[in-house]
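Colleague: take a look and give me a structure for this.
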Amino acid sequence: MEMELAYRIKRAVKELLGRPQLPRKGAARPTHFEEQIYRAAVEERDVCFDVGANVGDVAIFLARIVTPRGCVVAFEPVFHVYSLLCQRIQADPYSKATIISLPVGLSDTVGPRIISTPNGITGLASLAPTAVWQVVHHATTSTQTCNFTTIDAIWADERYPKPHFIKIDVEGAELLVLRGGFEAFKRGFRPLMLIELFAPWQHAFGYGPWDVLGFLGDRGYRFFFVCPEGLVGHVPSPSDPFPAQYERGYNIIAYLPDEHARRVERLNQLTVSAANRVLPMPPPPVANKIVPDH
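Modeller: Numbering: from 1, shown residues only. As a prediction, the model looks like this:
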């Protein structure tokens, strides 16, 4: 504690005096289950995409894992949140990869779209229809127009590196992001992915978990479901899209058995059978159950 305080004082004095400071070195130590997954799934030198970056917690953590030899591309369409993301990146003192921050989101079309935010909670901003999203959250919802592009457009643009890993957390619009990569999947887009799969949010878009799982399954992907007890392997079907434990989860890992074998070997250390190694994870806002159509 005393050494940490001395370090902070030293950095503060250098900052006040305008003296240059070297980035602080230190391993990216997980504090919860999701960060454990990143630590197992991501390697040094990787290129990572953070889709729905918000204020940058995940982007910064990934950048520390991949080290300055890797790269992170962070997509955040809500501009005032994007500004906070940039501030967080600049203020972070640790040695890490370059983070390319882009004030756009990913979806199934290129161009402006309406984002709805309930009660000003930016972490719940969504492309869901405003009236529906307002009912889902029982909240007053504000809207703004934001810019979007697609995985296909990014994949075809030679200025951007090709990702090894993608995190997709876009409050129910995850299928739109994947559909926006339809052509890229045909041409070699094969990253390991952590995807939010939360049925109550997806229902606001008129689809359910199987639509995402079936889309990826048709392209050879297999799945771990992130549950409080650990990762659970499950072969989904239209009638049985996820395991019972996943009612208390909200993320999945989509992987290709051959291409991601080394990473899957590390992820296997986080399965239910290794539950003593799993850190806590926050609970979902409501049970992750498929919402029946009326």
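Colleague: ok, residue 111 to residue 130 distance?
Modeller: Separation of residue 111 from residue 130 (C-beta to C-beta, to the nearest Å): 18 Å. Backbone N, C-alpha and C define where each C-beta goes, glycine included.
Colleague: neighbour count for these two, which is higher?
Modeller: For the pair residue 111 and residue 130, the greater number of neighbours falls to residue 130 (17 against 10), based on other C-beta atoms under 10 Å.
Colleague: from what I can see the more buried one touches residue 113, true?
Modeller: No: at 11.6 Å, residue 130 does not count as touching residue 113 under the criterion of C-beta atoms under 8 Å.
Colleague: in contact with residue 177, which residues?
Modeller: The contact partners of residue 177, by C-beta atoms under 8 Å, 6 or more residues apart in numbering, come to 51, 106-108, 151, 168, 170.
Colleague: all strands of the protein, in order?
Modeller: Applying DSSP state E to the chain gives strands spanning 47-51, 71-75, 98-102, 105-106, 111-118, 141-149, 165-168, 192-196, 222-227, 230-233, 251-255.
Colleague: turn the ones you listed into JSON lines, columns for distance to residue 92.
Modeller: Listed next are the strands of the chain as JSON lines, based on distance: least, C-beta to C-beta, whole Å:
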{"stretch": "strand 47-51", "distance to residue 92": "14"}
{"stretch": "strand 71-75", "distance to residue 92": "12"}
{"stretch": "strand 98-102", "distance to residue 92": "9"}
{"stretch": "strand 105-106", "distance to residue 92": "23"}
{"stretch": "strand 111-118", "distance to residue 92": "25"}
{"stretch": "strand 141-149", "distance to residue 92": "25"}
{"stretch": "strand 165-168", "distance to residue 92": "18"}
{"stretch": "strand 192-196", "distance to residue 92": "21"}
{"stretch": "strand 222-227", "distance to residue 92": "25"}
{"stretch": "strand 230-233", "distance to residue 92": "28"}
{"stretch": "strand 251-255", "distance to residue 92": "24"}
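Colleague: of those strands, which approaches residue 156 most closely?
Modeller: strand 141-149 (10.6 Å; C-beta to C-beta).
Colleague: and the closest one, how far from the chain's centre?
Modeller: With C-alpha atoms, centre = their mean, to the nearest Å as the basis, strand 141-149 stands 19 Å off its chain's centre.
Colleague: quick one: mean pLDDT for it?
Modeller: Mean pLDDT, strand 141-149: 96.
Colleague: what sits closest to residue 114 if chain neighbours are left out?
Modeller: Nearest in space to residue 114, with sequence neighbours left out and distances taken as C-beta to C-beta, 6 or more residues apart in numbering, is residue 143 at 5.4 Å.
Colleague: for the one you found, give me its contacts.
Modeller: Taking C-beta under 8 Å, 6+ apart as the criterion, residue 143 is in contact with 114-117, 130.
Colleague: kindly recompute the last result at 10 Å.
Modeller: Taking C-beta atoms under 10 Å, 6 or more residues apart in numbering, we find residue 143 in contact with 114-117, 125, 130, 133-134.
Colleague: now do residue 265
Modeller: Taking C-beta under 10 Å, 6+ apart, we find residue 265 in contact with residue 40.
Colleague: next one: it from residue 40, what distance?
Modeller: Residue 265 is 9 Å from residue 40, by C-beta to C-beta.
Colleague: show me where this structure has helices.
Modeller: Listed in chain order, the helices found in the chain under DSSP state H are 2-17, 33-41, 57-66, 79-91, 130-137, 151-156, 174-179, 182-186, 199-203, 209-217, 261-267.
Colleague: let me know which of those is the nearest to residue 245.
Modeller: helix 33-41 (13.0 Å).
Colleague: packing partners for the closest one?
Modeller: Other helices and strands packing on helix 33-41, by 3 or more C-beta pairs under 10 Å, 6 or more residues apart in numbering; DSSP states H and E, are helix 57-66, strand 165-168, strand 192-196, strand 222-227, strand 230-233, strand 251-255, helix 261-267.
Colleague: what separates that helix from the chain centre, distance-wise?
Modeller: Using C-alpha atoms, centre = their mean, the offset of helix 33-41 from its chain centre is 11 Å.
Colleague: that helix versus helix 57-66: what angle between them?
Modeller: Put simply, helix 33-41 runs at 30 degrees to helix 57-66, going by axes from the mean of the first three to the mean of the last three C-alpha atoms, to 10 degrees.
Colleague: all set, thanks.
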